[in-house]
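Asks: Next comes the sequence, and after it the predicted model I'd like to discuss.
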Amino acid sequence: MAPADWPDNPAPARADWRDTLRAATDLALLGIVTALASAAVLTAGAALATASAAIHQWTVDGHWPGLRDLASHFWRGLAPGAVATVVAVVGTLLLGGNMVLISAGMVPGGTVLLVGTGLLAALMAGLAGITVVQTGRGGGDGPAGQGWRAAARDTWRIAERRPLAVLAATGVVSLAGLLTALTMPILAPILLGYTLFALHTALRRITPHKLPSR
């Protein structure tokens with residue numbers, strides 16, 4: 001179903017609240033399926049890349065990819081996505097562990113270092129969000145699409161040339177984290193779909209699909 005009332009898509013003449021409700025339902029369902037596909041942890045990278053590719057096609061072409069295409073993206077992305085997941089988990093543990101040590105007084109620095117580490121964590125989360133978007137823009141992970149390493153290189157170039165994109169992505173991810181903390185954790189999978197869409201929308205308005213090479 002086309003996201004009729006949302007940015008970057010021409011709205012049909014008789015678009016109404018039912019189109020918006022359908023779009024919201026599609027995103028909620030996508031978030032739930034992505035969360036379920038990420039339950040094994042090492043499959044999270046493939047699940048996010050597949051969901052990102054689906055949202056990219058939806059916002060560009062106005063329709064969702066078929067189940068066979070989604071399954072193909074997911075299957076191709078399992079191995080490289082597992083590597084990306086391990087990198088993300090290690091980075092999260094390092095930053096989280098550092099914040100715990102600082103807050104416990106085991107590492108000098110106090111409040112200033114704790115706030116600085118928190119800001120660094122938020123910034124890294126924003127960069128990770130851009131990487132997920134770039135992976136989806138390439139059509140999912142694997143030989144036929146944009147892999148995680150290529151997406152990471154694009155993210156670095158975006159950070160250099162479009163720092164506003166990094167701030168926007170950081171804001172989106174931070175808001176999603178805050179809403180998750182303030183609401184019931186069971187709603188987090190639903191919020192995931194909306195977060196991915198918000199990241200795609202923000203990046204579409206700030207960066208082109210492909211930045212020119214140096």
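Replies: Perfect, thanks for sending it.

Asks: any idea how far the residue nearest the centre of the chain is from residue 147?
Replies: Centroid check for the chain by CA atoms, centre = their mean gives residue 129 as the closest residue, at 4.1 Å. Separation of residue 129 from residue 147 (CB to CB, to the nearest Å) stands at 17 Å. Using the backbone N, CA and C atoms, a C-beta is placed for each residue, glycine as well.

Asks: most residues in a single helix of the protein, which one?
Replies: helix 110-137 (DSSP state H).

Asks: the inter-axis angle of the next helix or strand after that helix versus helix 110-137?
Replies: With elements assigned by DSSP states H and E, the helix or strand that comes after helix 110-137 is helix 148-161. On the basis of axes from the mean of the first three to the mean of the last three CA atoms, to 10 degrees, helix 148-161 is oriented at 120 degrees to helix 110-137.

Asks: would you put the C-alpha positions of helix 148-161 in PDB?
Replies: The C-alpha trace of helix 148-161 is given here as PDB (Å, rounded to 0.1, in the frame of the first residue of the first chain):
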ATOM      1  CA  TRP A 148      27.300  -3.000   5.400                       C
ATOM      2  CA  ARG A 149      30.900  -2.000   4.600                       C
ATOM      3  CA  ALA A 150      29.800   0.100   1.600                       C
ATOM      4  CA  ALA A 151      27.000   1.600   3.700                       C
ATOM      5  CA  ALA A 152      29.500   2.500   6.500                       C
ATOM      6  CA  ARG A 153      31.700   4.200   3.900                       C
ATOM      7  CA  ASP A 154      28.700   6.200   2.700                       C
ATOM      8  CA  THR A 155      27.900   7.100   6.300                       C
ATOM      9  CA  TRP A 156      31.300   8.500   6.900                       C
ATOM     10  CA  ARG A 157      31.100  10.600   3.700                       C
ATOM     11  CA  ILE A 158      27.700  11.800   4.800                       C
ATOM     12  CA  ALA A 159      29.100  12.800   8.200                       C
ATOM     13  CA  GLU A 160      31.800  14.800   6.500                       C
ATOM     14  CA  ARG A 161      29.600  16.500   4.000                       C
END
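
Asks: Tell me which residues touch residue 99, please.
Replies: 114, 117-118, 121 (CB atoms under 8 Å, 6 or more residues apart in numbering).

Asks: now do residue 51
Replies: Applying CB under 8 Å, 6+ apart, the residues near residue 51 are 30-31, 33-34, 136, 192-193, 196.

Asks: Which residue, neighbours along the chain excluded, lies closest to it?
Replies: residue 34 (4.3 Å; CB to CB, 6 or more residues apart in numbering).

Asks: pretty sure that neighbour is touching residue 48, no?
Replies: Yes. Here residue 34 reaches residue 48: they are 6.6 Å apart, a contact under CB atoms under 8 Å.

Asks: Please identify which of those two sits among more neighbours.
Replies: In terms of neighbours (other CB atoms under 10 Å), residue 48 is the more surrounded of residue 34 and residue 48; the figures are 29 against 21.

Asks: That one contacts residue 38, correct?
Replies: Yes. Contact status for residue 48 versus residue 38: in contact at 7.2 Å, counting by CB under 8 Å.

Asks: hey, what's in contact with both of the two?
Replies: Counting by CB under 8 Å, 6+ apart, nothing touches both residue 48 and residue 38.

Asks: Okay, buried residues for stretch 175-188 please.
Replies: 176-177, 188 (16 or more other CB atoms under 10 Å).
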